[in-house]
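[1] Sequence first, then the predicted structure:
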Amino acid sequence: MILGKVVLVTGVARQLGGRFVRRIQRDPEVDRVVAVDAVRPEHHLGGADFVQADIRQPTIGRVLAEHGVDTVVHMDVTGTPLGSGSRTTVKETNVIGTMQLLGACQKSPAVKRLVVKSSTNVYGSAPRDPAVFTETMPPKSLPSGGFAKDTVEVEGYVRGFARRRPDVAVCVLRFANILGPCADSPLASYFSLPVLPTVLGYDPRLQFVHEDDVIEVLRIASHEPASGTLNSGTFNVAGDGVLLLSQCARRLGRPTVPLLMPALSWVGSMVRTLGVTDFSPEQLRLLTHGRVVSTAQMRETLGYKPKYTTAETFTDFARSRGPGLLPPEALSRAVDRIAATPARGGGHSPTHSAN
């Protein structure tokens, strides 16, 4: 009798992790799911075996051994604290937790597949960035802090693990900004503000990926494809198309407050004061210069086409946040009238229309 896969999932106390645990259990190839987190989740995990364990501690090695885990899906790499946690706790879980988990995987002969939830934040955001990043392009400027720096460090440790255990299929998924009804990220918190501070003279291009697509890509990466080859490598994951920040604001019905570049650090302080945690300089650079990635490898190698475009993802997110201060239709008409007015004082007229 051939037993099915035993999948261990980290970060299950978060909504996204809980959703993935419930989804992966339905796969016929999966025999058991071991759900791990330092805190007990408030949502149900179906028939998964929940183990309360901190991945920053060596005990995670015993969990792998006791359950005979052959597939590890590491979702506990995130930009926001859980509950009353701090940024320090988040960083320790992201970096030290990943180190401990990889050390445990390296010692376990049963582990044959590792899937890591990463982020397109690893590319940073800089004025001279390429129009579209591919997986092989290095960032023009390495992230200097926050979640973006965490993901760079995490991926470095994962590459080291892949060299030491070439027999393990390692798949790193670089997700664009994840949005949806249950989105929990600094950017989702920013878009939930009643008024959006922006950088004067900049209208960055942004990409989003829907929570539903995140779950499905993680699920695909957890299995061997029908061809029998290994789902290994690094993959950008994002919905088709881009949105300008101005378009996002209009779809939300939220007014923007354009501020001069020297006020950038003040913007960050103001946003953090309003309750958006880990709104780091990297987040501000994203809202200045934007970021767009190629998803060709996701389609060609993983064989996945997202169900939601970037625009559809944002629409679903906006619907879940309720109406803004201004009706989107009225805001669109007002902005269109302003856009049709000739620029004065050496300014420039917008080059893109917002929908």
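    Sure, I can see it.

[2] now the helices: where do they sit in the stretch 51-200 of the chain?
    With DSSP state H, counting those that start in this stretch applied, the stretch 51-200 of the chain shows helices at 59-67, 87-92, 98-107, 146-164, 186-191, listed in chain order.

[3] ok, residue 185 - contacts?
    Residue 185 makes contact with 78-80, 177-179 under the criterion C-beta atoms under 8 Å, 6 or more residues apart in numbering. (C-beta placed from N, C-alpha, C; glycine too.)

[4] Residue 104: which of these is nearest?
    Taking C-beta to C-beta as the measure, residue 78 is the one of the contacts of residue 185 closest to residue 104, at 19.7 Å.

[5] hmm, back to that, which one of the helices of the stretch 51-200 of the chain has the lowest average pLDDT?
    For these, the weakest mean pLDDT is recorded on helix 87-92, namely a mean of 82.

[6] For that one, which residues meet the burial criterion?
    For helix 87-92, the buried set under the neighbour-count rule, 16 or more other C-beta atoms under 10 Å, comprises 87, 89-92.

[7] before we move on, the earlier item: list just the nearest of the contacts of residue 185 to residue 205.
    Set against residue 205, the nearest of these by C-beta to C-beta is residue 177 (11.9 Å).

[8] The closest one and residue 137: what is the separation?
    Distance of residue 177 to residue 137, given as C-beta to C-beta, to the nearest Å: 19 Å.

[9] Looking at the two now, which is surrounded by more residues?
    When neighbours are counted by other C-beta atoms under 10 Å, residue 177 and residue 137 differ, and residue 177 comes out ahead with 26 against 13.

[10] partners of the helix or strand harbouring residue 236 in the sheet?
    Under DSSP states H and E, the secondary-structure element containing residue 236 is strand 233-237. When sheet partners are counted by DSSP bridges, strand 233-237 sits next to strand 169-175 (parallel).

[11] by how many degrees do the strand it pairs with and helix 98-107 diverge?
    160 degrees (axes from the mean of the first three to the mean of the last three C-alpha atoms, to 10 degrees).

[12] List of residues touching strand 169-175?
    Contact partners of strand 169-175, identified using C-beta under 8 Å, 6+ apart, comprise 112-120, 122, 135, 155, 158, 161-162, 209, 214, 217-218, 221, 224, 230-238, 293.

[13] May I see the ChimeraX selection of the buried members of these?
    A single ChimeraX command selects the buried members of the contacts of strand 169-175 (16+ other C-beta under 10 Å):
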select :112,113,114,115,116,117,118,119,120,122,135,155,158,161,162,209,214,217,218,221,231,232,233,234,235,236,237,238,293
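
[14] ok, back up a step: would you mind giving the contacts of residue 185 as TSV with distance to residue 45 and pLDDT added?
    Output for the contacts of residue 185, formatted as TSV (distance: C-beta to C-beta, whole Å; pLDDT from 0 to 100):
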residue	distance to residue 45	pLDDT
78	18	87
79	23	79
80	20	78
177	26	95
178	20	95
179	24	96
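
[15] end-to-end on stretch 10-28?
    Distance between the two ends of stretch 10-28: 21 Å, counting by C-alpha to C-alpha, to the nearest Å.

[16] List the buried residues in it.
    With burial defined by 16+ other C-beta under 10 Å, the residues of stretch 10-28 counted as buried are 10-25.

[17] Now tabulate the helices of the stretch 51-200 of the chain in TSV and tack on distance to residue 32.
    Written out in TSV, the entries for these read as follows (distance: least, C-beta to C-beta, whole Å):
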stretch	distance to residue 32
helix 59-67	7
helix 87-92	29
helix 98-107	17
helix 146-164	23
helix 186-191	32
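
[18] thinking again about what came up before, just curious, which of the buried residues of helix 87-92 is nearest to residue 196?
    residue 87 (22.5 Å).

[19] Surely that closest one is in contact with residue 79?
    No - taking contact to mean C-beta atoms under 8 Å, the distance of 9.3 Å between residue 87 and residue 79 leaves them out of contact.

[20] Residues in contact with stretch 17-36: which ones?
    When contacts are taken as C-beta under 8 Å, 6+ apart, the neighbours of stretch 17-36 outside the stretch itself are 3-12, 37, 41, 43-53, 55, 60, 63, 67, 69, 73, 75-76, 182, 211, 215, 218-219, 222-223.
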